[in-house]
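[1] The following comprises the amino acid sequence and a computationally predicted model.
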Amino acid sequence: MDYENLCNKIKNLDSRIRFAGIINNKGHLTAGGMKEDRKALEETKKDEMLYMELALRVRMRREFDKELGPVKFSMSYRDIVIFSFPLDDDVLFVTAEKEIDFSKTAFKILELIGK
């Protein structure tokens, strides 16, 4: 899958999407990033910590796949909305303004990634 292209398609789904990126299993951003017209809410060092924590959390959730089925996506509602979508060994990480229709957005993204 062309991750850069995927991230660009996601960023273009809705003007309220701020960020779409691929985080590898070591917690490093490997594709995508912030929309050009948006400013990051945190400093770069905190981004790295967030990515590492996200990669770990996604791996830990897989422990329950046999009993509950695989996670399709997870979401946190904060001052922004944060989505994570497991992709094999990587994670699609998306952030958006909290006014977004998060259920429609999540399912549009699932369609794009083929889940």
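    Nice, thanks for sending it over. Since the model is a prediction, treat every value here as computed from it, not as a measurement. Residues are numbered from 1 along each chain as shown.
[2] Every contact and neighbour count from this point should use C-alpha atoms.
    Noted.
[3] Nearest the geometric middle of the protein, what residue?
    residue 93 (1.5 Å; C-alpha atoms, centre = their mean).
[4] so it sits right up against residue 87, yeah?
    No. With contact defined as C-alpha atoms under 8 Å, residue 93 and residue 87 do not form a contacting pair (10.3 Å).
[5] related to what we said a few turns ago, ok, now how distant is the residue nearest to the centre of the chain from residue 28?
    11 Å (C-alpha to C-alpha, to the nearest Å).
[6] Repeat that for residue 110.
    Taking C-alpha to C-alpha, one finds residue 110 at 22 Å from residue 28.
[7] So residue 37 belongs to a helix, correct?
    No. Residue 37: not assigned to a helix; according to DSSP: H, G, I helix; E, B strand; the rest coil it is coil.
[8] Low-confidence regions, this protein specifically.
    Within the chain, the segments meeting pLDDT under 70 span 40-44.
[9] ok, now which ones touch residue 13?
    Contact partners of residue 13, counting by C-alpha atoms under 8 Å, 6 or more residues apart in numbering, are residue 105.
[10] any idea which helix or strand carries the residue nearest to residue 94 when sequence neighbours are not counted?
    In space, and not counting its chain neighbours, residue 94 is closest to residue 20: 4.4 Å by C-alpha to C-alpha, 6 or more residues apart in numbering. Assigned by DSSP states H and E, residue 20 belongs to strand 17-23.
[11] partners of that strand in the sheet?
    strand 29-34 (antiparallel), strand 90-97 (antiparallel) (DSSP bridges).
[12] can you put these in JSON lines and add distance to residue 53?
    Below are the strands paired with strand 17-23 laid out as JSON lines (distance: least, C-alpha to C-alpha, whole Å):
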{"stretch": "strand 29-34", "distance to residue 53": "13"}
{"stretch": "strand 90-97", "distance to residue 53": "11"}
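[13] Can you tell me which of those is most buried?
    strand 90-97 (a mean of 22; mean count of other C-alpha atoms under 10 Å).
[14] Go ahead and name everything in contact with that one.
    So strand 90-97 is in contact with 16-25, 55, 58, 79-86, going by C-alpha under 8 Å, 6+ apart.
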